[in-house]
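[1] Compute the structure for the input listed below.
(one chain, ligands or ions: 1)
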Amino acid sequence: MSEDVPQALARVRARVDAAAREAGRDPAEVAVLLAVKTVTAERVREAITAGYPLLGQNRAQELTAIEPDLVDLEHRTHFIGHLQSNKVNAVLRWVDCVQSVDTAALAERLDRARARLAEADSAQTPLEVMIQVNTSGEDSKYGIAPHEVLDLAAAVGALPWLRLTGFMTIGANSTDTGRVRASYQGLAEVRDQVLASDAVGTGEAHELSMGMSGDLEIAIAAGATMVRVGSAVFGSRPAPA
Ligand SMILES: *Cc1c(COP(=O)(O)O)cnc(C)c1O
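    Below you'll find the predicted structure:
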């Protein structure tokens with residue numbers, strides 16, 4: 001067993017705070033989202049109880065398996081993995097935000113699903129979404145190309161049951177910190193372009209979800225408002241099957 005979860009969380013928060021100060025930013029501008037794939041409900045509960053109620057889930061199956069065990073704890077869950085269209089309804093039931101919108105078709109599907117929920121429940125509010133951008137150009141990564149973001153942002157902004165809050169990226173998978181930094185700076189640039197476009201429904205898209213356990217300092221220097229941290233808190237994961 002590695003060190004306990006509250007201790008690891010405190011270490012991560014200290015890293016985030018130091019990186020923000022180093023960049024001349026207010027540490028309060030940077031939220032820590034816990035990437036909880038493969039983590040047991042028990043350890044996720046421990047993290048929420050320690051004061052970290054913002055969770056990220058990659059897989060629909062894991063999400064729907066774990067969330068029933070968390071309903072008594074106040075928390076927010078973001079979907080951060082690739083979302084297949086046949087999983088939209090199952091995921092929507094549990095999440096507060098989908099960070100991985102990368103096609104107009106997925107956005108429209110989410111909008112329609114949320115609209116259907118709103119017919120049954122008048123308290124329903126638009127679903128928060130972020131646009132996932134492939135800033136590294138790596139073929140293996142999901143996300144829309146940077147030059148296509150303006151069009152997608154305008155399309156998302158026009159959908160009544162979605163609220164565009166920002167942008168997400170997975171940084172370049174590289175030991176070259178220059179490349180990693182360039183991918184994070186690229187996300188900040190597209191965010192600024194979208195905000196400057198004045199397209200309907202895009203004026204609140206300030207969030208930059210970027211940076212993980214290994215590179216959060218670089219992301220914070222480039223303007224991250226939310227880092228997504230897994231292994232630095234929960235230890236290394238089993239290799240994917
Ligand atoms: C797993 C994961 C993370 C966290 O990665 P670590 O290196 O474990 O911190 C962040 N974002 C996404 C999309 C992930 O799947």
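[2] close to the ligand, is stretch 63-73?
    No: looking at stretch 63-73 against the ligand by C-beta under 6 Å from any ligand atom, there are no contacts, and the closest approach is 12.5 Å. (Glycine included, C-beta is placed from N, CA and C.)
[3] to the chain's geometric centre, what's the distance from that stretch?
    Averaging C-alpha positions (C-alpha atoms, centre = their mean, to the nearest Å) puts stretch 63-73 18 Å from its chain's average.
[4] do the same with stretch 6-24
    Worked out by C-alpha atoms, centre = their mean, stretch 6-24 lies 19 Å from the chain centre.
[5] Show me the contact partners of it.
    2, 26-27, 29-30, 32, 46-47, 50-52, 213, 216-217, 220-221, 227, 229, 232-234 (C-beta atoms under 8 Å, 6 or more residues apart in numbering).
[6] List the buried residues in that stretch.
    Neighbour-count burial for stretch 6-24 flags Ala8, Leu9, Val12, Arg13, Arg15, Val16, Asp17, Ala19, Ala20, Ala23 (criterion: 16 or more other C-beta atoms under 10 Å).
[7] quick one: average pLDDT of that stretch?
    Averaging pLDDT along stretch 6-24 gives 98.
[8] Show me what stretch 186-200 is in contact with.
    Outside stretch 186-200, the residues touching it (C-beta under 8 Å, 6+ apart) are 133, 135, 146, 149-150, 153-154, 157-158, 166-169, 202-203, 205-206, 208, 210, 222-223.
[9] could you pull out the helices for this protein?
    Secondary structure of the chain (DSSP state H): helices located at 5-22, 41-49, 60-66, 88-92, 104-120, 149-157, 177-197, 216-221, 231-234.
[10] which one of those has the most crowded surroundings?
    With neighbours defined as mean count of other C-beta atoms under 10 Å, the helices of the chain peak in mean count at helix 216-221, which reaches a mean of 23.
[11] What parts of the chain come near the ligand?
    35, 37, 58, 80, 170, 212-214, 228-232.
[12] And those residues, which is closest to Gln124?
    Nearest to Gln124 out of the residues of the chain next to the ligand is Ile80 (C-beta to C-beta; 22.4 Å).
[13] Leaving out the residues flanking it, which one is nearest to that closest one?
    Gly56 (4.1 Å; C-beta to C-beta, 6 or more residues apart in numbering).
[14] Test of understanding: give the bridge partners of that neighbour.
    Ala35, His78 (DSSP bridges).
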